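Participant: The sequence and its predicted three-dimensional model are supplied below.
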Amino acid sequence: MKVVFKKYDILIFYIIAFLITWSGWLVMDLVLASFGTERNFVELVAEGYYYMIFYPFLAIGAVWGPLLSAFIVYRVNYGKAGTRELLKKVFNWRVAIPWYIIAFGVPTLIKYGSFYLNVWFLGGTFVSDFERVSILVILMTFFGELVPSGGQEEVGWTGFAQLRLQQQLPVIPATLIKALMGWVWHLPLYLVFTWSGAFGSDIWFFLLFYIALAFIYTWMFNNTDSILIPALFHATFNTIGTFALTSYTSWDNVTIGLIMFCVIAYLFVIFAFIRDGKNLTRRELPRIVQVQIQELESSEKMTPPSFENHESRERIESTEEE
């Protein structure tokens, strides 16, 4: 099993992540159908009764799939030492202050930039509930998005998949593969549930935007070697979406608004490439856990046969002749 896990670790990671996630969502869907309830993902969370029943499945599906898969593969391949090294990247908070500003500021600029452009140029409306709720509610929502919700997906997508893929491929194709697989992972929310995500039910705009997010996460991770920074970005983005809403005057305006949303995100991607080059970093690319580095180095070393001295070797040979 260890040989298979080490040889096909990326493939096995995705298989386990998809199995855990899609199984959880399937169970949630079947139970909802038995209650005769419409498959509306947002209403599920809004209704307290259903929320209490299905939240464990929601947590397993939306968060624990990539996270658990990453830790399972690391545990099988590198033991407890490997999982400890991965945890160090998860809780690596000792990074430069500008990266915290980026983690909180960039999702805010993407969201509010597209919101106000919609209001100014498309005649839409923008409603923010931040003024209506307390700081405690905002902090609790942010914590919910960071720990039991989307933020922890980055342990799998960035901390494992991106790290391993860019060991075998250049950073750009590695990030594109990560983005495509993450998009496929979300597809049941569009095809089975009525998911009011970043782009409602438009899966193609979600793919375009998800690619931009994947490059931003890669840029932050490659410069900091910290999973925490992309997770903070993810949680901030989701939190703003919880309390800030925008509406459009027509479907054409919706399309233009989503294009603006993607354009703002890709401007940050272009900035990242201009600033840090094709590897999206000014430093050495993050490496897999040190346990693997030591293991690879030790496997490459060949131990020659040792003899105490030349005379002892001659005695051995003469004895064999006799």
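Facilitator: Perfect, thanks for sending it.
Participant: which regions of the stretch 151-300 of the chain sit below the pLDDT cut-off?
Facilitator: 193-201, 289-300 (pLDDT under 70).
Participant: quick one, strands of the stretch 201-322 of the chain?
Facilitator: Secondary structure of the stretch 201-322 of the chain (DSSP state E, counting those that start in this stretch): strands at 244-247.
Participant: just the helices in it please.
Facilitator: For the stretch 201-322 of the chain, the helices defined by DSSP state H, counting those that start in this stretch occupy 203-224, 228-243, 251-276, 290-300, 310-321.
Participant: would TSV of these with mean neighbour count and distance to V137 be doable?
Facilitator: Heads up, the C-betas are built off the backbone N, CA and C, glycines and all. TSV is the format used below for the helices of the stretch 201-322 of the chain (neighbours: other C-beta atoms under 10 Å; distance: least, C-beta to C-beta, whole Å):
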stretch	mean neighbour count	distance to V137
helix 203-224	22	26
helix 228-243	22	9
helix 251-276	16	26
helix 290-300	12	41
helix 310-321	9	79
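Participant: Turn those into TSV, columns for distance to R84.
Facilitator: Shown next, in TSV, are the helices of the stretch 201-322 of the chain (distance: least, C-beta to C-beta, whole Å):
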stretch	distance to R84
helix 203-224	19
helix 228-243	16
helix 251-276	29
helix 290-300	9
helix 310-321	44
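Participant: Those: which one's closest to A161?
Facilitator: Nearest to A161, of all these, is helix 203-224, at 9.8 Å by C-beta to C-beta.
Participant: That closest one packs against which elements?
Facilitator: If you count contacts as 3 or more C-beta pairs under 8 Å, 6 or more residues apart in numbering; DSSP states H and E, helix 203-224 packs onto helix 97-122, helix 163-168, helix 171-191, helix 228-243, helix 251-276.
Participant: ok, back up a step: compare the helices of the stretch 201-322 of the chain and report which one is nearest to S114.
Facilitator: Closest among the helices of the stretch 201-322 of the chain, using C-beta to C-beta: helix 251-276, at 4.2 Å.
Participant: pretty sure I227 is in contact with K89, am I right?
Facilitator: Yes. I227 lies in contact with K89 (C-beta atoms under 8 Å); the separation is 5.0 Å.
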